[in-house]
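Asks: Output the structure for:
(2 chains)
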Amino acid sequence: AQSVTQPDIHITVSEGASLELRCNYSYGATPYLFWYVQSPGQGLQLLLKYFSGDTLVQGIKGFEAEFKRSQSSFNLRKPSVHWSDAAEYFCAVGADNTDKLIFGTGTRLQVFP
Amino acid sequence: KAGVTQTPRYLIKTRGQQVTLSCSPISGHRSVSWYQQTPGQGLQFLFEYFSETQRNKGNFPGRFSGRQFSNSRSEMNVSTLELGDSALYLCASSWLTGDGYTFGSGTRLTVV
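Replies: Purely as a prediction, here's the structure:
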């Protein structure tokens, strides 16, 4: 069965520091992989997605993620965090021929000035 | 273009009542899915509809149902509400399978 693990529940970084949020997935074939961000009381916004091809994916707001098949990982990175990046981040995996997404438990990012 | 619109934004219901939530997808999107978000269980898949057909269903009791209309608008219904149904219900639409969803802002349901 598909599953997604986000090992870090809460991460705190200083503004301007680099960021890496971890995501590991379990899926038999090549999955569709996504990162979403959620601000308090809001819906989810798609940051980036991976289907195939180049394993380094660029997204919005300066985020990128790298798909590593050997490690079953899809970690999210940003070189310099801004205070407005404080939010909850969700990694998700989707299966072929369906729009059903399996979400990780999320990582709450706190940014200190 | 307009995003995914969910109505109402907030809802308070009494245990035992039923509720209907509405979702209008992005124009041209034919796939609509629903998710329940709670602090304890996180984001859980409820249903997926494509061209008025339910294509996939999550592991929820039969009290949870949904439908999609010919204009792709979707509704979900929860009957005999329980306190544990209190959650943020998110609707999302997509153009192509696997394209990634655009989510609405959600309906916050509180059952008292």
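Asks: going forward, measure contacts and count neighbours with C-alpha atoms only.
Replies: OK.
Asks: Specify the beta-bridge partners of the residue nearest in space to the middle of chain B.
Replies: With distances taken as CA atoms, centre = their mean, the residue of chain B nearest its centroid is B:Trp34 (3.4 Å). Per DSSP bridges, the residues bridged to B:Trp34 are B:Phe47, B:Cys91.
Asks: B:Arg15 touches B:Glu82, doesn't it?
Replies: Yes. Using CA atoms under 8 Å, B:Arg15 is in contact with B:Glu82, at 5.3 Å.
Asks: and for those two, which residues touch both?
Replies: Contact with both B:Arg15 and B:Glu82 is made by residues B:Val111, according to CA atoms under 8 Å, 6 or more residues apart in numbering or on different chains.
Asks: Please, where are all the strands along the chain?
Replies: With no chain named, the answer covers chain A. A:3-5, A:10-14, A:19-21, A:24-26, A:32-38, A:44-50, A:56-58, A:64-68, A:73-78, A:87-94, A:101-103, A:107-112 (DSSP state E).
Asks: looking at chain B here, not the other one
Replies: For chain B, applying DSSP E gives strands covering B:5-7, B:10-13, B:19-24, B:31-38, B:42-50, B:53-57, B:64-68, B:74-78, B:87-94, B:102-103, B:107-111.
Asks: and the last one, what other elements does it pack with?
Replies: Counting contacts by 3 or more CA pairs under 8 Å, 6 or more residues apart in numbering or on different chains; DSSP states H and E, strand B:107-111 packs against strand B:10-13, strand B:87-94.
Asks: So which elements touch the shortest one?
Replies: Spelled out, that is strand B:10-13. Strand B:10-13 sits against strand B:107-111, with contacts defined as 3+ CA pairs under 8 Å, 6+ apart.
Asks: ok and the strand it packs on relative to strand B:19-24, angle-wise?
Replies: Angle of strand B:107-111 versus strand B:19-24, following axes from the mean of the first three to the mean of the last three CA atoms, to 10 degrees, is 180 degrees.
Asks: Would you give the sheet partners of strand B:107-111, along with the direction of each?
Replies: strand B:10-13 (parallel), strand B:87-94 (antiparallel).
Asks: so which of those is the most packed in?
Replies: Per residue and on average, the most neighbours among these fall to strand B:87-94, with a mean of 26 (mean count of other CA atoms under 10 Å in any protein chain shown).
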